[in-house]
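>>> Mind folding the following:
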Amino acid sequence: MFKVKPISFKRPVMSLPQCQAIARKFATKAEWQKGHFPTYTAARRNGWLAICTKHMREN
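The predicted model follows:
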């Protein structure tokens, strides 16, 4: 038999300026999370949520 190699998946690297630029397109965190999940999770994972959401309203 032959062995199947697992497919590796690398997350795209997001920088703080990229996350901020995309976050500016949204008015709330919920909209951002639904509208562009990869940058939202990158900001959350790297501790940038407060920085990226300064311009956003609460709800």
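>>> For the rest of this, base every contact and every neighbour count on C-alpha atoms.
OK.
>>> list the contacts for the residue nearest the centre of the chain?
For the chain, the residue sitting closest to the mean C-alpha position, by C-alpha atoms, centre = their mean, is T39 at 1.7 Å. The contact partners of T39, by C-alpha atoms under 8 Å, 6 or more residues apart in numbering, come to M14, Q18, C19, I22, A23.
>>> Find me the pLDDT at it, would you?
For T39, the pLDDT comes out at 94.
>>> now it, what's its secondary structure?
helix (DSSP: H, G, I helix; E, B strand; the rest coil).
>>> what's the answer for the one 5 residues further on, then?
Using three-state DSSP as the criterion, the local structure at R44 reads helix.
>>> count of neighbours near it?
Neighbour count of R44, defined by other C-alpha atoms under 10 Å: 13.
>>> Any figure for the gap between it and P12?
With distances taken as C-alpha to C-alpha, to the nearest Å, R44 is found 15 Å from P12.
>>> Closest one to M56 out of the contacts of T39, please.
For the contacts of T39, the minimum distance to M56 (C-alpha to C-alpha) is 8.8 Å, reached by A23.
>>> Please enumerate the helices of the chain.
Counting by DSSP state H, the chain has helices at residues 16-23, 29-35, 37-46, 49-52.
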